[in-house]
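# sequence first, then the predicted structure:
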Amino acid sequence: MSKLRVAVIGRAGRMGSEACRAVEAADDMELVAALGRGDELRTLADSGAQVAVELTHPDSVMENVEFCITHGIHAVVGTTGWTDERLARVRGLLADAPGTGVLIAPNFGIGAVLTMRFAQQAARFFESVEIVELHHPNKVDAPSGTAVRTAQLVAEARREAGRGDQPDATITALEGARGADVDGIPVHAVRLRGLIAHQEVLFGDEGETLTIRHDSMNRASFMPGVLLGVRRVVDTPGLTFGLEHFMDLG
Ligand SMILES: NC(=O)C1=CN([C@@H]2O[C@H](COP(=O)(O)OP(=O)(O)OC[C@H]3O[C@@H](n4cnc5c(N)ncnc54)[C@H](OP(=O)(O)O)[C@@H]3O)[C@@H](O)[C@H]2O)C=CC1
Ligand SMILES: O=C(O)C1=N[C@H](C(=O)O)C[C@H](O)C1
């Protein structure tokens, strides 16, 4: 059986370097290109890559994804910074590239994906919910893409259940004390040396609380999800947002 020809964009980064190792170690894949900042995107096309794994920076990701789509290269994207406008642009480009697949995964961690699913399930049962994401201090964005996605999923589940705004009697507060408002859900971002990537979703109602917590202890933990994305994206044309769609969660 021929191996999948895979490229990594962001090879020198924390995630990109780990992804290069994971692809090289996979029996069914071949690492045909690894691009760092300043490298020509044309290298991707010249290498014959079937799939590009994109792990760079929110300022770089759009150009890279656009190149992939317009050159018929499937993309597995972990980089953050996805707004509705950006997603619409990707969908528009994919409309002219019907055989090409793009997976954008806010989090490749299997446990993180499950955290989002469990939070979505719990959302309708609790009056209050807040999200705390905790990351290493070199992270360039806040809040994390995972926290934003979790908040959106929780907010959607609350709306579907007819839940209104959650109680909060705060009248005065220092700016930032109640976190960022993401779709009505307070999201708090901690940056701390020693951490990698962690998230707590806290639910509360009369007399009880529920905390759903996920911890990524190292970046190798993201790699089974990256490899799953690479294997599945080649048979999944169009835009897939979230690794859960490749996980048969039922
Ligand atoms: N979905 C998921 O599961 C995960 C997603 N992430 C996300 O992935 C992204 C990268 O994270 P991380 O690896 O920690 O970041 P790093 O800063 O460690 O790595 C990013 C790398 O990409 C390089 N780079 C930037 N622009 C380009 C470009 N145009 N072409 C090629 N290389 C480029 C950077 O170069 P330079 O240093 O010169 O800027 C750097 O080497 C972030 O958005 C992060 O949030 C992270 C972990 C898990
Ligand atoms: O930058 C990181 O480290 C991470 N980024 C992603 C995010 O913003 O959600 C995924 C994970 O949290 C690690």
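In hand now; what should we look at? Being a predicted model, the structure only gives us computed values, none of them experimental. Residues are numbered from 1 along each chain as shown. Ligands and ions are numbered 1, 2, ... in the order given.
# please compute how far stretch 222-229 lies from its chain's middle.
Chain-centre distance of stretch 222-229: 12 Å, with C-alpha atoms, centre = their mean, to the nearest Å.
# near ligand 2 at all, that stretch?
No. Stretch 222-229 is not in contact with ligand 2 by C-beta under 6 Å from any ligand atom; minimum separation 7.5 Å. C-beta here means a position set from N, CA and C on the backbone, and glycine is covered the same way.
# hmm, that stretch touching ligand 1?
Yes. Using C-beta under 6 Å from any ligand atom, stretch 222-229 reaches ligand 1 at residue 222.
# mind listing what's buried along that stretch?
222-223, 225-229 (16 or more other C-beta atoms under 10 Å).
# likewise stretch 93-107?
By neighbour count on 16+ other C-beta under 10 Å, the buried set for stretch 93-107 is 93-94, 97, 100-107.
# contact partners for whichever residue of the chain sits closest to ligand 1?
Closest contact between the chain and ligand 1, by C-beta to the nearest ligand atom, is at residue 13 (2.1 Å). By C-beta atoms under 8 Å, 6 or more residues apart in numbering, the contact set of residue 13 is 55-56.
# quick one: contacts for the residue nearest the centre of the chain?
By C-alpha atoms, centre = their mean, the mean C-alpha position of the chain lies nearest to residue 106, the distance being 1.0 Å. Applying C-beta under 8 Å, 6+ apart to residue 106 gives the contacts 80, 82, 145-146, 148-149, 242.
# could you do residue 81 as well?
Taking C-beta under 8 Å, 6+ apart as the contact definition, residue 81 lies against 58-59, 61, 141, 145.
# with only the CA atoms kept, save the longest helix along the chain in PDB.
For the chain, the helix with the greatest residue count under DSSP state H is helix 145-160. Extracted in PDB, the C-alpha atoms of helix 145-160 (Å, rounded to 0.1, in the frame of the first residue of the first chain):
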ATOM      1  CA  GLY A 145      -9.300  28.400  20.400                       C
ATOM      2  CA  THR A 146     -10.500  25.400  22.500                       C
ATOM      3  CA  ALA A 147     -12.100  27.700  25.100                       C
ATOM      4  CA  VAL A 148     -13.800  29.700  22.500                       C
ATOM      5  CA  ARG A 149     -15.200  26.600  20.800                       C
ATOM      6  CA  THR A 150     -16.300  25.200  24.100                       C
ATOM      7  CA  ALA A 151     -18.100  28.400  25.000                       C
ATOM      8  CA  GLN A 152     -19.800  28.400  21.700                       C
ATOM      9  CA  LEU A 153     -21.000  24.800  22.000                       C
ATOM     10  CA  VAL A 154     -22.200  25.400  25.600                       C
ATOM     11  CA  ALA A 155     -24.000  28.600  24.600                       C
ATOM     12  CA  GLU A 156     -25.700  26.800  21.700                       C
ATOM     13  CA  ALA A 157     -26.900  24.000  24.000                       C
ATOM     14  CA  ARG A 158     -28.200  26.600  26.600                       C
ATOM     15  CA  ARG A 159     -30.100  28.400  23.800                       C
ATOM     16  CA  GLU A 160     -31.600  25.200  22.500                       C
END
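# next secondary structure element downstream of that helix?
Remark: after helix 145-160, the chain's next helix or strand is strand 180-182, criterion DSSP states H and E.
# so the helix or strand that that following strand is followed by versus helix 145-160, what angle?
Using DSSP H and E, the helix or strand that directly follows strand 180-182 along the chain is strand 185-191. Put simply, strand 185-191 runs at 170 degrees to helix 145-160, going by axes from the mean of the first three to the mean of the last three C-alpha atoms, to 10 degrees.
# how far out from the middle of the chain is strand 185-191?
On C-alpha atoms, centre = their mean, the centre of strand 185-191 falls 16 Å from the chain's centre.
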